[in-house]
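Trainee: make a model of this:
(3 chains)
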Amino acid sequence: MKYVLVAINLPVKNLFRQFIYGLPDSMGQAGEGWRVVVPFGPQKVEGFIVRDFDREEALALLQKENPGFSIDKMKEVTAVLGTRPWFSEEMMGTAKWLAGYYMCSLAEAMRLFIPGKTSIRRKPVYQEGRLIAYEIEERLKARTVVAYTITEMGKAALAEGSRRAKAQMQALEVLLHATEPLDRKEAEAQHISGAVLQTLAEKGWALRTEKRLLRNSYDRQAERKETLQLTEEQAQAVAAIKASLDYFPAGKPAEEETDEPGAAVFGGDAGKQKTETTCEKTRPQEFLLQGITGSGKTEVYLRAADHALRQGKQVLVLVPEIALTAQIVQRFQAWFGQEVAVAHSKLSQNERGDVWYKMRTGEANVLIGVRSAVFAPFKNLGLVMVDEEQETSYKQEERPAYHAREVARYRCKNSGAVLVLGSATPSLESYFRAVSGRIGHLQLKRRPGSSFLPAVDVVDMREELAQKNYSVISRKLRRELIATVHADQQAIVLLNRRGYSTFVMCRDCGETLTCPHCAVSLVFHADEQAMRCHYCGNTYPIPETCPHCGSRRIKFFGSGTQKAEQEIGQMPGIQVLRMDQDSTATKMAHEEIIRRFSRKEANVLLGTQMVAKGHDIPDVTLVGILAADSTLNMPDFRASERGFSLLTQAAGRAGRGDKPGRVVLQTYDPENEIITLAARQDYETFAGHELAMRKELLYPPYGEILKVTVVDKEEKKAWELADEMARFLRSRYEAEHWERTEIMGPFPSGVAKVRDLYRINIVVKSQAMEQVKACLLASRYRTVKNVFFDVDPIMAI
DNA sequence: AGCACGCCGACT
DNA sequence: GTCGGCGTGCTC
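Mentor: Numbers count the residues shown, from 1 in each chain, chains lettered A, B, ... in the order given. Below is the predicted model:
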């Protein structure tokens, strides 16, 4: 009998240990990377084998970890799931690294790789109407499709022909030319009914099989659509990526890679890795593809993917949000057809399982997906491209708080895949890596063809107030909007605030109306005639009197998309479509709104940041940006970066066809440097200034950040634990002399209370983060509840 | 996650 | 006196 070390798949923070089980000889094929069912306490749960060993090794480990425990009391693995290991060596390595780096248990890291939370389900067993037991069943049933191939008899029948059975002859004809068994769906696409196939099978003319075979169908050169001539810059970028793809053999770690992928086996570890991605001067394994808006990054992606596929490698394309990137999916499908699989959060567990299966077997070879797609199993991953790599949606906010770009980087490093990070406004971390020569830097500074960057007008809204214009829309933008629709062109207006009025204040006592469960202002939503909390989602009636002092002099302040919609809708000749979280949830999906807009059912598209991203509508010649400063004034170190990116992206929507575009940018702070730089689309200057500031303040990329959040429904308890942890960290800092480290806080989180839970933060900035993490993981705080570790947080407040 | 164990308030 | 609240700890 063998013995195995099993990580228990339970979403529990404090289950850092793994457990030893006997593996009956009948299950001898199982080993590291296999999924199993094990008895755990009184229940049966799913687990992952992370190591296997013989009796002596098992004894030795048991002796070390738990001397009081007899090996004879050891339980045995109940069942083995699947017919091969779920985790490849590379996936295991990535999971171990992730657990250490993001400070979660190995099981928590490993379960990210499973499509769905667990792959088993507990089925109740009844006897005479009484529940007597639970049975474990596999959730993901291997799904096979009935498919048909032509037989010799069928060929003969086809050669002979038939005057009566026209449909059958047609079906035989199709089967004859098919390169693989044809299933019902594929047949129906070619106007052959399932009934006919059935008849063929009965006659012995076709063979009924179950389809579950691998294929390598990427040899349909005729379908390639190289309609566009690449620009010089694009061609250079493609050539550089191709050269790296030629150099790096997929499936193997890069040559210079020497360090072990972490030793987080018995009890996790503290993220020991910190190695730069291999960067050979001429053939880096990682690139930043920095291209201004409209410069054609997708063209580069497509050709790089094409090259990888020709080498028999698989391609992963990460996108920030699938709904906003329908265009990328369409372009890839036009090029690569059936090779493309798509993974997004709305897939069912089974659909997701199917997509994972396709990638693992090589039935599909391009995966386009959001954050979680980075955990898909691959047969032979050779190229990963992260589109809009600066987007914050790549960071998971819940535990484990991983960043998909970093996971992609680790997977690439360990599998010899090439990584391409694409952006018009890269994260400063990636930009820094590129300009300092750690990774390749590919730049697209020009838009192809006759398209130019739009001209930007900055409007000072204080001047509007002085001129007694109290509208959200400046006089200039109003004129431009009317002129644009008059010329039969379209406009996009960005206002990054949902609702109608953004806060309600009492004129007598100055109190603003806040959510009773969260520490934020309530927003008035005109469509529901209610006050809504944007954090917990609760709605409340519109107050007639101030809940604080009873005064009736209550006033609505601030403008959101609903108010702007009303104002713009009243302008002559304008039909406005609103796109924000509310309109996409209740009425139509993003795609439907974009589709209606591009069909010109409306001439103004108004909305939150989702109007700024990923789509390309040729008749848009005007972009209006209202309250350009609203995102810049957040008290967070990344606020400038996010603001600059949003302004640049929004401005980049204008003039993407052959008509020149213009942008009207409204602000109360026209001298703001970020606004003026965004108006000029001057990323380099922005990045230079921002990097200098970050260096000064020890923010990334110069220092790493760890945010520790203590959560409790009792404010006092949260403070007590946070104070204690801060004291602990400071004393360890004194004792261990960590390299350049600052410990800030504890202080209340940016939103100090959400759903009645108080949130207190401690933020550590450090150039010795590995030691800081190790210190915390060795302490009792690793498993204490109500404490959340966020490594490389998006916000440090 | 489940489930057992254990230590303080309102009840037949 | 006891039932049961849910905080704490354990699962090979």
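Trainee: ok, residues contacting the lengthiest strand in chain A?
Mentor: Taking DSSP state E as the criterion, chain A has its longest strand at strand A:741-754. Residues from elsewhere that reach strand A:741-754 (C-beta atoms under 8 Å, 6 or more residues apart in numbering): A:517-520, A:535-536, A:634-636, A:698, A:703, A:709-710, A:719, A:722-723, A:725-726, A:729-730, A:733, A:758-768, A:772, A:795, A:797. From N, CA and C alone the C-beta is placed, and that goes for glycine too.
Trainee: now the buried members of these.
Mentor: Taking 16 or more other C-beta atoms under 10 Å as the criterion, what is buried in the contacts of strand A:741-754 is A:517-520, A:698, A:703, A:709-710, A:719, A:722, A:725-726, A:729, A:733, A:758-766, A:768, A:772, A:795, A:797.
Trainee: in helices, which of those residues appear?
Mentor: Using DSSP state H, A:719, A:722, A:725-726, A:729, A:733, A:772 are the members of those that sit in helices.
Trainee: which one of those residues sits closest to A:Leu207?
Mentor: For those, the residue nearest A:Leu207 by C-beta to C-beta is A:Val772; the value is 63.7 Å.
Trainee: now for the closest one: which residues touch it?
Mentor: Residues near A:Val772 by C-beta under 8 Å, 6+ apart: A:706, A:729, A:738, A:741, A:764, A:766.
Trainee: hang on, the second one packs against A:Ile762?
Mentor: Yes: with contact defined as C-beta atoms under 8 Å, A:Leu729 and A:Ile762 form a contacting pair (6.9 Å).
Trainee: quick check: mean pLDDT of stretch A:441-453?
Mentor: Averaging pLDDT along stretch A:441-453 gives 84.
Trainee: what does it contact?
Mentor: Here stretch A:441-453 makes contact (C-beta under 8 Å, 6+ apart) with A:228, A:231, A:233-234, A:236-237, A:240-241, A:287-297, A:300, A:434-435, A:652, A:655-658, A:660-661, A:681.
Trainee: mind doing that once more with 7 Å?
Mentor: A:231, A:233-234, A:237, A:240, A:287-292, A:294-297, A:434-435, A:655-656, A:658, A:660, A:681 (C-beta atoms under 7 Å, 6 or more residues apart in numbering).
Trainee: now whichever residue of the stretch 601-750 of chain A sits closest to DNA strand C. Its backbone dihedrals?
Mentor: Closest to DNA strand C within the stretch 601-750 of chain A is A:Lys713: 9.3 Å, counting by C-beta to the nearest atom of the strand. Here is the backbone geometry of A:Lys713 (degrees, to the nearest 10): phi -80, psi -20.
Trainee: go on, A:Leu622?
Mentor: Torsion angles at A:Leu622 (phi, psi; degrees, to the nearest 10) stand at phi -130, psi 130.
Trainee: what is the neighbour count of it?
Mentor: Residues lying near A:Leu622 (other C-beta atoms under 10 Å) number 26.
Trainee: now A:Asp457: which helix or strand?
Mentor: strand A:455-460 (DSSP states H and E).
Trainee: report the distance from that strand to the chain centre.
Mentor: Its chain's C-alpha centre and that of strand A:455-460 lie 33 Å apart, by C-alpha atoms, centre = their mean, to the nearest Å.
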